[in-house]
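A.B. asks: fold the stuff below for me.
(one chain, ligands or ions: 1)
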Amino acid sequence: MIFSLDEELHRMSLDDKKNYIKADYHTTIYDDTNHEQDSSAIICEDSSNHLSVHSNAIPLNGMGPTHKMRRRSSAYSKFPVLTPPNTRRFSITGSDAMANGINRLSMTPQDMTSSNINENELSRNLHDFKPVRVLGQGAYGKVLLVKDRKTCKLYAMKQLQKAEILISSTVADSKKEDEEDESCESNDNDDGLSKRLERTFAERSILSEIEHPNIVKLFYSFHDNSKLYLLLQYIPGGELFYHLKEHGTLDETTVSFYAAEISCALRFLHTKGVVYRDLKPENCLLNQRGHLVLTDFGLSKKSANDSMTNEEDPENVNALYSIIGTPEYCAPEILLGQAYTQNCDWYSLGCLLYDMLVGKPPYTGNNHKVIINKIQQNKQGPKIPFYLSEGMKDMLNALLKKEISKRWNVDKYWAKEAGSNNKTTKSRKRKSGSVRTSLFTEHFIFRKIDWKLLESGQLQKTTLGPIVPVITDLELAENFDTEFTSMSYEENYADSKPININVVSKSPDMFKGFSYKASGSYLEKYF
Ligand SMILES: Nc1ncnc2c1ncn2[C@@H]1O[C@H](COP(=O)(O)OP(=O)(O)OP(=O)(O)O)[C@@H](O)[C@H]1O
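C.D. replies: Numbering: from 1, shown residues only. This is a model prediction of the structure:
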């Protein structure tokens, strides 16, 4: 996603290019080609476990025009990422294949009808909400800022086009890019629809079941003839993507703060059996107080049981295989079509931290094949700039390990359990190459974080985050790209008709059970 500087450079004139690639180390990291040929490029040794601080990060905002080139991932990587030829291992229809070959999905659209409210008695519909402006656009539709006509409360309304879900272009894309794998086409078709439906329901279902200060809240969902609607808590501070575009890169204290808030959300999801699978700057929003809130659960997956999976268990029945996500932030095992677990989210966290510190994720390219080639060629892992502190280098190295077995198993080594005699501490030295067993929350970069306050949600209530978004009027959506806020939304309201006039699918029941209303106490609590 995000930004392929290589491509942008092609578009620039030679002169511009010369000016841009100045002869300093800092700029070389923005040109992969240049960088990879540079034998003097500094590669951070994995053995580094000495956590002395030297806060010598190269000026953050002195990046010249680079950061203005930041590009959104969804611009060229509509999910799912394609399965590389011959890596499809299972042909189970309708869900991520579980390792034992049994579909152990805990939530299917059918299952969900039980938790469903009676759609005919649904109190909310599209016309209860007045559109204010467009906040963003995803693969299946727009996200609008809307105002409840009765209460004047603001919500973010995520719209998903039924037609896009039912007749997705991913099959066409798949044919175009994956011609070698013709034998899989028909499976792609059936599996594709079923998976897209499942993911649509998963987003609604996961969000309706979880409550965490760093995760967006779902208040209502409903559907009509053409679209599905998720009425979410409006997070007015904009995307981390937007702020990264403004700032270029962020200082280590800020990055550590966001790392803690994201980790806190990911850890919570993992304990609920949910793998997030789409961590990227576009999906991290800042609230009014500058705290980070994860949104977009369209690629998240709830495993069979509500517990953490065990990566070290070879019989692990919760392993996933679907190749989805945003290639630049995706764990290598996902891109290679191998089995993966929630540990993939920690690799993505490493990519996101790297992006915040360096200005781009560790590996960039126009498709997952390019990225996987880069990952494979880069035997020693991504090049970590010399100017980062030892603590930050250590964190990045631990998360960005190609092999799952060598990557930090953050869920296992999260924190000291109450009452345990776990003597693992940050000060313990690790032998080079050995698997990391120190505790994540005790890592040096988190020395200023009060995890108790963070995990309880108190920190979010009582302190301000490192970037406090400028908000003069919530309805102006000042922290969202004008690319979106200037878009027209009229047509989004014009084509709404009552539920059962389903001209798109001929099978109106496909989306049955989608509607939801949060409890009165929940609604009161957050308004
Ligand atoms: N609760 C929210 N408050 C404010 N803005 C939001 C909210 N949810 C989403 N947005 C905005 O809308 C954008 C698109 O939302 P989202 O990522 O959920 O859609 P999507 O269709 O899944 O996108 P993609 O296909 O790129 O993954 C977000 O990046 C963000 O800018």
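A.B. asks: does Arg149 touch Lys130 like I think?
C.D. replies: Yes. Arg149 is in contact with Lys130 according to Cβ atoms under 8 Å; the separation is 5.4 Å. All C-beta spots, glycine's among them, are computed from the backbone N, C-alpha and C.
A.B. asks: looking at these two, which is more packed in?
C.D. replies: Relative neighbour count places Lys130 above the other of Arg149 and Lys130, with 13 against 10, counting by other Cβ atoms under 10 Å.
A.B. asks: which parts of the stretch 1-150 of the chain sit against the ligand?
C.D. replies: Contact residues (Cβ under 6 Å from any ligand atom) of the stretch 1-150 of the chain with the ligand: Ser74, Leu135, Gly136, Gly138, Ala139, Tyr140, Val143.
A.B. asks: and the residues you listed, which is closest to the ligand?
C.D. replies: Using Cβ to the nearest ligand atom, Gly138 is the member of these that sits closest to the ligand, with 1.5 Å.
A.B. asks: wait, that closest one sits on Asp296?
C.D. replies: Yes. In this structure Gly138 lies within contact range of Asp296 using Cβ under 8 Å: 7.3 Å.
A.B. asks: more neighbours, those two?
C.D. replies: Looking at Gly138 and Asp296 with other Cβ under 10 Å, you find the greater number of neighbours at Asp296, namely 22 against 18.
A.B. asks: in what helix or strand does that one lie?
C.D. replies: Following DSSP states H and E, one finds Asp296 outside all helices and strands.
A.B. asks: ok, it touching Pro281?
C.D. replies: No. Judged on Cβ under 8 Å, Asp296 makes no contact with Pro281 at a distance of 11.6 Å.
A.B. asks: what's the overlap in contacts for those two?
C.D. replies: Residues touching both Asp296 and Pro281 by Cβ atoms under 8 Å, 6 or more residues apart in numbering: none at all.
A.B. asks: mind pulling up the pLDDT for the nearest residue to Leu286 once chain neighbours are set aside?
C.D. replies: Closest residue in space to Leu286, ignoring its immediate chain neighbours: Gly237 at 3.1 Å, by Cβ to Cβ, 6 or more residues apart in numbering. Gly237 is assigned 98 on the pLDDT scale.
A.B. asks: got it, and Tyr522?
C.D. replies: With respect to pLDDT, Tyr522 has a value of 90.
A.B. asks: where does it land in three-state SS?
C.D. replies: Using DSSP: H, G, I helix; E, B strand; the rest coil, the three-state assignment for Tyr522 comes out as helix.
A.B. asks: burial count for it?
C.D. replies: Per other Cβ under 10 Å, the neighbour tally for Tyr522 reads 15.
A.B. asks: how about the one 3 residues further on?
C.D. replies: Burial of Lys525 is recorded as 11 neighbouring residues (other Cβ under 10 Å).
A.B. asks: distance check, it against Lys217.
C.D. replies: The span separating Lys525 from Lys217 equals 9 Å under the rule Cβ to Cβ, to the nearest Å.
A.B. asks: just Met395 next, same as before
C.D. replies: 29 Å.
A.B. asks: between the two, tell me which one has more neighbours.
C.D. replies: It is Met395, of Met395 and Lys217, that has more neighbours when counted by other Cβ under 10 Å, with 28 against 23.
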